[in-house]
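>>> mind looking at a prediction? Sequence and model below.
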Amino acid sequence: MSYTSFLDAASETAMWVMTLSLLFPLYRLFRGPGLPDRVIALDQIAMIVIGIILCDSIFSNDHLLLDVVLIVAFVLVFGAIIIAHYLHKKQLEK
Amino acid sequence: MIDIITGILLLAGALIVLIASLGIIRFRDLYSRTHVVTKVSSFAMLLFLIAVNLHFLSARVLLVTLIVFHVVVVLAPIGAHVIAKVNKILEGTSDQGH
């Protein structure tokens, strides 16, 4: 592997580290005791995906990838709130 | 010089994200895990957004980055708080045995 600059090497190393750290929330997503634990694991996965896309926007020198980050951040927030609302409604109906 | 600062910020953010992912596995109950997701990952996102701004140095990137920062730092803890509150309600009713 030959990198032209320190920034390329750093951003690709950061992407590798975050891709490997994606395994731990996936474990929590499959083995979590309840549904709220899985939602928290999904939040962490979305955070890691945001980090990977930010590193990729620096690595490929493309600032349009930041719009993708914006959409993923909104999906992260409103997904968690909507799942919590659904859980609460199901609890009230019981 | 700016490239080196950007690279160091990226590596530090990746390490903090790795620590947060370890916390997702190691911590025992849901409330500690929400603490990890909202605080530690938000700090890593702050480092990444500063790195992106140092690399591009344009007004449009600053605008989009500020929106992402507010969503991650203000709205994501609200989502985790709602999840924790619903979990407390679920635990409270399951303790009464029906």
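Arrived safely. Numbering: from 1, shown residues only, chains lettered A, B, ... in the order given.
>>> any stretches of chain B with poor pLDDT?
The model of chain B has pLDDT under 70 over residues B:93-98.
>>> what's the following helix or strand after the host helix or strand of residue A:25?
Using DSSP states H and E, residue A:25 maps to helix A:23-31. Downstream of helix A:23-31, the next assigned helix or strand under DSSP H and E is helix A:35-59.
>>> thinking again about what came up before, go through the helix holding residue A:25 and flag the buried ones.
For helix A:23-31, the neighbour count (16 or more other C-beta atoms under 10 Å in any protein chain shown) marks A:24-25, A:28-29 as buried. Where you see a C-beta, it was placed from the backbone N, CA and C, and this is true even at glycine.
>>> same question for stretch B:75-94.
Using 16+ other C-beta under 10 Å as the test for burial, stretch B:75-94 gives B:75-77, B:79-80, B:82-84, B:86-87, B:90.
>>> filter those by proximity to chain A?
B:75-76, B:79-80, B:82-84, B:86-87, B:90 (C-beta under 8 Å from any C-beta of the partner chain).
>>> reformat these as JSON lines; add secondary structure.
Below are these laid out as JSON lines (DSSP: H, G, I helix; E, B strand; the rest coil):
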{"residue": "B:75", "secondary structure": "helix"}
{"residue": "B:76", "secondary structure": "helix"}
{"residue": "B:79", "secondary structure": "helix"}
{"residue": "B:80", "secondary structure": "helix"}
{"residue": "B:82", "secondary structure": "helix"}
{"residue": "B:83", "secondary structure": "helix"}
{"residue": "B:84", "secondary structure": "helix"}
{"residue": "B:86", "secondary structure": "helix"}
{"residue": "B:87", "secondary structure": "helix"}
{"residue": "B:90", "secondary structure": "helix"}
